[in-house]
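S.K.: Sequence first, then the predicted structure, then my questions.
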Amino acid sequence: MTFPSGLRALNHRDYRLYFTGQVLSQVGTWMQSVAQSWLVLQITGSPLRLGLISTLQFTPMLVFSVFSGAVADRLPKRRLLLVTQSILACQALTLSALVWSGHIRYWHVAVLAALLGLVNTLDNPSRQSFVSELVPKDHVVNAVALSSAGFNSARIVGPAAAGLLIARFGIAPAFLLNGLSFLFVIGALLKLGARGEGRRARGTSMLDEVREGIGYAMRTPRVRLALGVLLVVSISVFNFNVYVPLLARNVLHQGAEGFGFLMASLGVGAVSGALTLGALRSSRPALPLVFTASVAACAGILGMALVRRFWVAVPTLFVVGFFAVVVTASCNTTLQVSAPDELRGRVMSLYSLVFGGSVPLGAFLVGFLSERWGVPVAFVVMGGAGMLGTGALALSWRARQRPREGRVSVA
């Protein structure tokens, strides 16, 4: 079977196996994400403590990401992913057992969230950079966009399923199903022909390799700009595990089912954005598209401050999800295509550092602002700050380009 142009990366067997396993596993991951947020609110009822869980989960990425990229460049990626995915399965099953036993406490969730973040710090750059080894270089843009679409398809199915499951059977089954879902991705990894072999050591230290990756990123204007836009959007927009439960519970007064469907509407928008980007035939996204999408996503967060009805929240979250994924997938593609093969793991670790490592700050700010002044104020501050940050980056890039206008295209 030959797939159409918009799905061309799926014509490659290894990518097809990898993609299928990842999507099935990510459905479970999104179920756990919803269950964990709802569990914390049940135990504590505190927006600040909910924000602290995200802070604990993503802090390891902030601290260790630059080193994990060097590890991903050195070690066989498939073998590394088999280890990390197995540990993540055990983490989910432990949460399930604790909830089922009735002995779950806030500190249990906090410790296991920190473990999840630590493992993901190593898993993310390996998983991101492995994609480009499963398809030819001219199909990398499509492969990254499809991976984003798959991730966000899981964002639709997982939260909606979790909301219905929690409402009828409780929280524990959501964690159990996530643990079992890792069997799919582990099975897919075992069948891959590609091994993602690490490069041979060159006699340099890990610290030297980290410096090499950071130096490349800072010297390359397009890579530096992509990381800058990603930083702004990650802090101001990508705190959905805090934004959406607070919106559902504190503003719209919804239960678990309403929360699940709000997350699903966010996911529908994200899938639409990823598929739209994947249909483009350019080798890398144009920078004006990235700036426009970033402003639109931040404006959507700002608009959430006015939402007081469920039927208004659904299309608003769709818009936020659409443009947020256009930004992240565009930045991901820019880094994948720009980085040399021998530096790709380290460059993608910077992607993980910025994307995941900035979440602790954003999550803490959202939780703090919501507890002190209310959820709408948090939306206004975060959305407004994101729009200002994107505008500053766009003006800075434009100022750099003006002297060379007519000789260099920004597209």
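M.R.: Ah, there it is. Please read all numbers here as calculations on a predicted model, not as lab measurements.

S.K.: ok, now which ones touch G170?
M.R.: Taking Cβ atoms under 8 Å, 6 or more residues apart in numbering, we find G170 in contact with V99. (C-beta placed from N, C-alpha, C; glycine too.)

S.K.: Could you number the chain from 35 rather than 1 from now on?
M.R.: Fine by me, first position is 35 from now on; the one you just mentioned is G204.

S.K.: what does the model give it for pLDDT?
M.R.: On pLDDT, G204 comes in at 87.

S.K.: Pull the residues that contact stretch 183-200.
M.R.: Contact with stretch 183-200 is made by 53, 56-57, 60-69, 72, 207-208, 211, 290-298, 300-302, 304-305, 307-309, 312, 355, 359, as judged by Cβ under 8 Å, 6+ apart.

S.K.: Just the buried residues of those residues.
M.R.: 53, 56-57, 60-69, 72, 207-208, 211, 290-298, 300-302, 304-305, 307-309, 312, 355, 359 (16 or more other Cβ atoms under 10 Å).

S.K.: Give me the neighbour count for Q162.
M.R.: 25 (other Cβ atoms under 10 Å).

S.K.: buried ones in stretch 79-88?
M.R.: P81, L82, R83, L84, G85, L86, I87, S88.

S.K.: Can you give me the buried ones in stretch 44-59?
M.R.: In stretch 44-59, the ones that count as buried by 16+ other Cβ under 10 Å are 44, 46, 48-59.

S.K.: can you check stretch 369-384 too?
M.R.: Those buried within stretch 369-384 under the rule 16+ other Cβ under 10 Å are 369-373, 377-384.

S.K.: Dump those residues into TSV; add distance to D242, pLDDT and secondary structure as well.
M.R.: Formatted as TSV, the buried residues of stretch 369-384 follow (distance: Cβ to Cβ, whole Å; pLDDT from 0 to 100; DSSP: H, G, I helix; E, B strand; the rest coil):
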residue	distance to D242	pLDDT	secondary structure
L369	21	81	helix
Q370	23	75	helix
V371	25	75	helix
S372	21	77	helix
A373	18	75	coil
L377	13	76	helix
R378	17	73	helix
G379	15	73	helix
R380	11	77	helix
V381	16	79	helix
M382	19	78	helix
S383	15	77	helix
L384	16	82	helix
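
S.K.: okay if I get the residues you listed as a markdown table plus distance to L168?
M.R.: Below are those laid out as a markdown table (distance: Cβ to Cβ, whole Å):
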| residue | distance to L168 |
| --- | --- |
| L369 | 17 |
| Q370 | 12 |
| V371 | 15 |
| S372 | 19 |
| A373 | 16 |
| L377 | 18 |
| R378 | 13 |
| G379 | 15 |
| R380 | 19 |
| V381 | 17 |
| M382 | 14 |
| S383 | 19 |
| L384 | 21 |
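
S.K.: Of the residues you listed, just say which sits nearest to L150.
M.R.: Distance to L150 across those (Cβ to Cβ) is lowest for S383, with 17.6 Å.
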